[in-house]
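Peer 1: For reference, the sequence and a predicted model appear below.
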Amino acid sequence: MNPLYAAVAERANHRCEYCQAPEVVFSFPFEVEHSVPLARQGPHDKTNLALAYRSCNLRKGLRISGTTSGGRVLSKYPPHYPTTLPSGKPLRV
């Protein structure tokens, strides 16, 4: 398990930060993932981490946004995430 899981899960209130599904209804912990993927120059720090249901994480992939299996658009960014990179450049989908 990711060593930052506890802090990220607590901040997210144990809900997927994309679809808002509560973690308690699943028999496994959600994943800690990068909101803006490292491959997209996302930072590797707490501000870029999100708690995600596995299905949401897989559908999002290397994108900054995605859709759920039901066709619902996932948030571009979790609520805690800024809309600019540390360099000041805006995030783009």
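Peer 2: Perfect, thanks for sending it.

Peer 1: mind checking the end-to-end distance for stretch 39-51?
Peer 2: Stretch 39-51 has an end-to-end distance of 18 Å (C-alpha to C-alpha, to the nearest Å).

Peer 1: Which neighbouring elements make contact with the helix or strand residue 59 falls within?
Peer 2: Assigned by DSSP states H and E, residue 59 belongs to helix 54-60. Where contact means 3 or more C-beta pairs under 8 Å, 6 or more residues apart in numbering; DSSP states H and E, helix 54-60 is packed against strand 31-34. From N, CA and C alone the C-beta is placed, and that goes for glycine too.

Peer 1: so how far is the first residue of stretch 19-35 from its last?
Peer 2: Start-to-end, stretch 19-35 (C-alpha to C-alpha) is 13 Å.

Peer 1: quick one: average confidence on it?
Peer 2: For stretch 19-35, the mean pLDDT works out to 91.

Peer 1: Which of the residues in that stretch are classified as buried?
Peer 2: For stretch 19-35, the neighbour count (16 or more other C-beta atoms under 10 Å) marks 19, 21, 23, 30, 31, 32, 33, 34, 35 as buried.

Peer 1: What is the nearest of those residues to residue 1?
Peer 2: residue 32 (8.5 Å; C-beta to C-beta).

Peer 1: So which of the buried residues of stretch 19-35 is the closest to residue 2?
Peer 2: For those, the nearest to residue 2 is residue 32 (4.2 Å; C-beta to C-beta).

Peer 1: where does this protein have low pLDDT?
Peer 2: 64-93 (pLDDT under 70).

Peer 1: what are the ranges of the helices in it?
Peer 2: Using DSSP state H, the helices found in the chain span residues 5-11, 54-60.

Peer 1: Format those as CSV; extra columns: distance to residue 42 and mean neighbour count.
Peer 2: Shown next, in CSV, are the helices of the chain (distance: least, C-beta to C-beta, whole Å; neighbours: other C-beta atoms under 10 Å):
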stretch, distance to residue 42, mean neighbour count
helix 5-11, 15, 15
helix 54-60, 12, 18
